[in-house]
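Colleague: Build me a model from this:
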Amino acid sequence: MSPTTLPAGPDHGHVTFLGAGPGDPGLLTLRAVEALANADVLIAEHDVLDVVRTHARAGVALLDTDSSPPSALTAASSASSAATSADTFSGTGTPQLTVVDGASTTVGAPAVRDAAHLVMEAARGGKRVVRAVSGDPGLDTYATEEMLACAAAGVPFEVVPGVAAAVGVPAYAGVPLRDAQGADVRFVDARTASDRCWAEVGASDGTVVVSATLETVAAAAGELVAAGRKPDTPMTVTVAGTTTRQRTWSATLGTIAQTLKQAKVLPSPEGGRPVIVVVGERSSAAQRDQLSWFENKPLFGWRVLVPRTKEQAASLSDQLRSYGAVPHEVPTIAVEPPRTPQQMERAVKGLVTGRYEWIAFTSVNAVKAVREKFEEYGLDARAFAGIKVAAVGEQTAKALIAFGVKPDLVPSGEQSAAGLLEDWPPYDPVFDPIDRVFLPRADIATETLVAGLIELGWEVDDVTAYRTVRASPPPAETREAIKGGGFDAVLFTSSSTVRNLVGIAGKPHNVTVIACIGPATAKTAEEHGLRVDVMAPEPSVHRLAEALADFGLRRRAAATEAGDPVTRPSERRPGARRRRSTT
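Modeller: As a prediction, this is how the structure comes out:
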């Protein structure tokens, strides 16, 4: 338990009012993540649950305030102790309690239940409750009423502040609220502002931050002009702030209505999330051109298909997010044990008995397969004592280090079998007491490394450590997006990912940018009728992501130079031809 967390009582429990920030999960504070990990019950609106739920522990009861019925907490309490994964109340109609083993229980008819009652009911029985709200509990919501209810009932509570939307969204939009002269900053909620409030902010020459909706932006601008602000006062309007759906328009108080009309901006789809408007001379569009760091990320808003195994996709997806992309992981390859385990078992025993001088890992899956076999026999990394270890690729080396093994040889150049052979020493009977290499690999791996090692004088035990099989087809919605141009790019990390994706989901649309990890993968893509736009300078998934980001930057720069709007590939006219890149 954290020393700052109050102990839960036997009857009243404990409630943490937690600010989840304006939308970007990366804005959660360390204290917020700690509180979420210790929660028995997590209560939030649907969009906030999407931000915080990944930090909740297994077995926590998740209550969606938009749809949770009166009986939800009773059902959640009885089920959460047996569940091994998060239970969720969500959706419309009759809420469901979904348990990881596949069973689901209807927990009651839909009913309107205010959040204060849910919080009080959840805290009974000594439970630790986290009430997560958008933005900051003290500025963005009406959480004070729920806090007062806890205080009246004697339920201990604490507040974990979050990044307020009125502060976080302008920062992501590249709109400074204050400058070196320290301008006055006023915050207004257009939904509740009185005539007196508008008059006060209109009389000021400082920066005004208005929480509104797209439907009320023009009216808010009119209120400020009526209160004394000049019609040519600069302003910005940001929707879906801090998320990859963020979009910002720059205008003036007098022109914002026409600007939004010309941009064909539709009413907000954000389900109540406020639009943030910043008004003031010191938050001008000229500054935003230089300070708009978030929306100018190289792959901002791009939907990128990552067709890999789940385990392999995680780090690549994190890198893509850092470029502003929205990765969509679609497993095309499933990894399974070899059909006959005897060969692998003999090789692992040979490691212990000193049969090998070297072991070479060419993939993370090979490391995983050997590690699992070690654990089956009760072995650990000490079994590698006296054996030289080679690894192809940064991720393979990291997987070995996580296992407790530091590779002796990683290719200095190209991260491939050919690159490994460039650095592999020839067998020397004087210095090498053993002439045998253990090579655990996939059943469909090429013979390049085996042939090269034999040519260098080594004996090779080429062992099938795992099989790669085609994964099940993705959902129909994903298949339609692939074939219909719904994705902006797809990253192919091997020839098998090309064959398997086309086999289970169909060929990506012509407007989709095709990025390949190397020449062999690119050749396979072209054989399947795909036009390759991006190729990694070396066969590394991270260099592949970098190459796609460079492509995005050049594409953005070309549009800006031509005076064209910056669009994503999926926003192109269907059938438009793409320029070939030899990156």
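
Colleague: residue ranges with poor pLDDT in the protein?
Modeller: Flagging of the chain using pLDDT under 70 yields the residue ranges 1-12, 67-113, 180, 182, 266-273, 282-286, 309-314, 444-446, 572-583.

Colleague: Run a quick neighbour tally on I43.
Modeller: 30 (other Cβ atoms under 10 Å). Quick note: C-beta positions are derived from backbone N, CA and C, even for glycine.

Colleague: isn't it right up against R128?
Modeller: No: the pair I43 / R128 is not scored as a contact, 11.6 Å apart, by Cβ atoms under 8 Å.

Colleague: Who are the contact partners of the nearest residue to R543 once chain neighbours are set aside?
Modeller: Closest residue in space to R543, ignoring its immediate chain neighbours: A536 at 4.5 Å, by Cβ to Cβ, 6 or more residues apart in numbering. Going by Cβ atoms under 8 Å, 6 or more residues apart in numbering, A536 touches A515, C516, I517, G518, R543, L544, E546, A547.

Colleague: and the gap between the first one and R531?
Modeller: The reference is to A515. The gap separating A515 from R531 is 11 Å, by Cβ to Cβ, to the nearest Å.

Colleague: Comparing the two, which residue is more hemmed in?
Modeller: A count of neighbours by other Cβ under 10 Å puts A515 above the other of A515 and R531, at 27 against 15.

Colleague: So the more buried one: helix, strand or coil?
Modeller: Using DSSP: H, G, I helix; E, B strand; the rest coil, the secondary structure recorded for A515 is strand.

Colleague: can you pull the contacts of it?
Modeller: So A515 contacts 489-492, 532-536, 544, 547-548, 551 (Cβ under 8 Å, 6+ apart).

Colleague: Format those as a markdown table; extra columns: distance to Y466 and secondary structure.
Modeller: Output for the contacts of A515, formatted as a markdown table (distance: Cβ to Cβ, whole Å; DSSP: H, G, I helix; E, B strand; the rest coil):
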| residue | distance to Y466 | secondary structure |
| --- | --- | --- |
| A489 | 28 | strand |
| V490 | 24 | strand |
| L491 | 22 | strand |
| F492 | 20 | strand |
| V532 | 28 | coil |
| D533 | 31 | coil |
| V534 | 29 | strand |
| M535 | 27 | strand |
| A536 | 24 | coil |
| L544 | 23 | helix |
| A547 | 28 | helix |
| L548 | 28 | helix |
| F551 | 33 | helix |
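
Colleague: Just the buried ones from these, in ChimeraX syntax?
Modeller: In ChimeraX, this line selects whichever of the contacts of A515 come out buried by 16 or more other Cβ atoms under 10 Å:
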select :489,490,491,492,532,533,534,535,536,544,547,548,551
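
Colleague: which outside residues touch stretch 417-435?
Modeller: 354-357, 360, 362, 390, 392, 409, 411-414, 446, 448-449, 452-453, 456-459.

Colleague: Take whichever strand in the chain runs longest, keep the C-alpha atoms, and write them as PDB.
Modeller: Looking across the chain with DSSP state E, the single longest strand is strand 459-470. Extracted as PDB, the C-alpha positions of strand 459-470 are listed here (Å, rounded to 0.1, in the frame of the first residue of the first chain):
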ATOM      1  CA  GLU A 459      28.400 -28.600 -37.700                       C
ATOM      2  CA  VAL A 460      24.800 -27.400 -37.200                       C
ATOM      3  CA  ASP A 461      21.900 -28.900 -35.300                       C
ATOM      4  CA  ASP A 462      19.100 -27.200 -37.200                       C
ATOM      5  CA  VAL A 463      16.200 -27.600 -34.800                       C
ATOM      6  CA  THR A 464      12.500 -26.600 -35.300                       C
ATOM      7  CA  ALA A 465      11.800 -24.800 -32.100                       C
ATOM      8  CA  TYR A 466       8.400 -23.500 -33.100                       C
ATOM      9  CA  ARG A 467       5.900 -23.500 -35.900                       C
ATOM     10  CA  THR A 468       4.300 -20.500 -37.600                       C
ATOM     11  CA  VAL A 469       0.800 -21.000 -38.700                       C
ATOM     12  CA  ARG A 470      -1.800 -18.600 -40.300                       C
END
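
Colleague: neighbouring contacts of that strand?
Modeller: Residues from elsewhere that reach strand 459-470 (Cβ under 8 Å, 6+ apart): 332-339, 343-344, 347, 350, 355-356, 365-366, 368-370, 435-444, 450, 453-454, 496, 500, 503-504.

Colleague: Which residues are in contact with I43?
Modeller: Going by Cβ under 8 Å, 6+ apart, I43 touches L63, T65, S68, A115, L118, V119, A122, V129, V130, R131, A132.

Colleague: returning to that earlier point: let me know the closest of the contacts of A536 to V160.
Modeller: V160 has its nearest neighbour among the contacts of A536 in E546, at 36.1 Å by Cβ to Cβ.

Colleague: Distance check, that closest one against G378.
Modeller: Using Cβ to Cβ, E546 is found at 41 Å from G378.

Colleague: Then S495?
Modeller: For S495, the distance to G378 - Cβ to Cβ - is 37 Å.

Colleague: And for Q262?
Modeller: Using Cβ to Cβ, Q262 is found at 70 Å from G378.
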